[in-house]
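A.B. asks: Next input, structure requested:
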Amino acid sequence: MKKLLVLSALFTYACGLSAAPPKNKVHIALIVQDTVDDKGWCQSMYDAIKAVQKAYGPALVDFSYSEKMKPVDAGSAARQYASKHFDLIICHGAQYKNLVLEMANEFPGTSFVFGTSGDIGPKNVFTYMPESEETGYLNGIIAGMVTKSNIVGVVGPVDGGDAARYDRGFVLGAKAANPKVDVKVAHTGSFSDFVKAGELAQTDIKAGADFLTGSSQQALGALRAVAEYKEKAIWWAGQDTAQLSIPNSFKVLAAASYDYVPVVEELIAKRENGVKGGECIPLTFANRGFTYKFNEKVGPVLTPAIRKAVEKAKADLTSGKLKLAWKDVKF
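C.D. replies: Prediction:
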């Protein structure tokens, strides 16, 4: 467990915070299974809490975190935080569901938080759910328009939660842009198996895939596999965090990232107003829960037509004009 006493350099939250600062100091704890600098799932929540802490000031937001916490180990860390009367304990992963539900009754004054989940928990348990079919759809549009082989691949962790939504949104976007495309979907069965992710990516590439994507931090193993083909037109679309400034970003055409700032804001505001849980908080383009950027360094592969198609779809998703029937997609 590490207590953060010094603010580090953070990403700039362009839109600014939408909620008023809390009147009283709030103590937030974060528990993650991997590391807070994993360039993926864990870092996305860590960065959001740090951004809120920077905006409100450490006098109003106290933040501690525990990393490399498998569910069997996380209980001890969560119990320590709850015993110290932390207001919000964010267990960042659906794998912590049982732990959270078990501890909620024991510490009724603490708000426990986990996701991704669409469940409505007890009165002191919040959940959050990225509706990531939206980001998947945009990446799918690019895949369908860029592919020359009409074969694209998805490497995911498990077929559940926001990963399942992302995969299906990607299929919908690819098929909308290119009805001939064959989307190969595979799962490692883990949220941290980088090696298996790379193996699945290599299998897709050997089968002719020239565009891949994947969700959760373990999918970076698949991106590393793509990066091995430096001289070949095999591309990647990023998810969870903006993968545009990492060593293998020369293969990344565009990247979606989760911005949990609105979630953290809302959690603090609800606690301030006496609501300790019993709600699910979504992430969407409409509530600023997602950001999406093209990689301006990849050159002409991102044609004006591709950019236009993606921007239109993003606008339609944001306005609610475009609804995605992601549950209807079968693998």
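
A.B. asks: right, and residue 201 touches residue 221 too?
C.D. replies: Yes - using CB atoms under 8 Å, residue 201 makes contact with residue 221 at a distance of 7.3 Å. (Glycine included, C-beta is placed from N, CA and C.)

A.B. asks: now the end-to-end length of stretch 66-73.
C.D. replies: Taking CA to CA, to the nearest Å as the measure, stretch 66-73 stretches 10 Å from start to finish.

A.B. asks: Hmm, I typed the wrong one, I wanted stretch 268-285.
C.D. replies: First-to-last residue span, stretch 268-285, CA to CA: 21 Å.

A.B. asks: which SS state does the residue sitting nearest the centre point of the chain fall under?
C.D. replies: In the chain, the centroid-proximal residue (CA atoms, centre = their mean) is residue 240; its distance is 3.4 Å. Of the three states, residue 240 takes coil according to DSSP: H, G, I helix; E, B strand; the rest coil.

A.B. asks: Roughly how far does it sit from residue 312?
C.D. replies: 24 Å (CB to CB, to the nearest Å).

A.B. asks: repeat for residue 36
C.D. replies: From residue 36 to residue 312 the distance is 35 Å (CB to CB).

A.B. asks: wait, is residue 265 part of a strand?
C.D. replies: No - per three-state DSSP, residue 265 lies outside any strand segment and is helix.

A.B. asks: On the pLDDT front, check the residue nearest to residue 329 when sequence neighbours are not counted for me.
C.D. replies: Closest residue to residue 329 apart from its sequence neighbours, by CB to CB, 6 or more residues apart in numbering: residue 168 at 3.9 Å. pLDDT for residue 168: 98.

A.B. asks: shared neighbours of residue 201 and residue 221, which are they?
C.D. replies: Common neighbours of residue 201 and residue 221, using CB atoms under 8 Å, 6 or more residues apart in numbering, are residue 155.

A.B. asks: And the helices in this structure?
C.D. replies: 41-56, 71-83, 97-104, 133-146, 161-177, 194-206, 220-227, 261-272, 304-319 (DSSP state H).

A.B. asks: Run the angle between the longest one and helix 41-56 for me.
C.D. replies: Which is helix 161-177. 100 degrees (axes from the mean of the first three to the mean of the last three CA atoms, to 10 degrees).

A.B. asks: Could you export helix 161-177 as CSV, keeping only the C-alpha atoms?
C.D. replies: Extracted in CSV, the C-alpha atoms of helix 161-177 (Å, rounded to 0.1, in the frame of the first residue of the first chain):
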residue,chain,number,x,y,z
GLY,A,161,-18.5,-6.7,-18.9
ASP,A,162,-17.2,-3.8,-20.9
ALA,A,163,-14.9,-6.1,-22.9
ALA,A,164,-17.9,-8.0,-24.3
ARG,A,165,-19.5,-4.7,-25.2
TYR,A,166,-16.3,-3.4,-26.9
ASP,A,167,-15.9,-6.6,-28.9
ARG,A,168,-19.4,-6.5,-30.2
GLY,A,169,-19.4,-2.8,-30.9
PHE,A,170,-16.2,-3.4,-32.9
VAL,A,171,-17.9,-6.1,-35.0
LEU,A,172,-20.9,-3.8,-35.6
GLY,A,173,-18.6,-1.0,-36.8
ALA,A,174,-16.5,-3.2,-39.0
LYS,A,175,-19.5,-4.8,-40.6
ALA,A,176,-21.2,-1.4,-41.1
ALA,A,177,-18.1,-0.1,-42.9
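
A.B. asks: deepest of the helices of the chain, which one?
C.D. replies: Comparing these by mean neighbour count (mean count of other CB atoms under 10 Å), helix 133-146 ranks first with a mean of 28.

A.B. asks: Pull up the gap between residue 224 and residue 246, please.
C.D. replies: 10 Å.

A.B. asks: if I look at residue 311, how far off is residue 199?
C.D. replies: The value you get for residue 311 to residue 199, if CB to CB is used, is 35 Å.

A.B. asks: which regions of the stretch 151-300 of the chain lie under the pLDDT threshold?
C.D. replies: 241 (pLDDT under 70).

A.B. asks: Try it again at 90.
C.D. replies: 160-161, 190-192, 215-220, 240-243, 245-246, 257-258 (pLDDT under 90).
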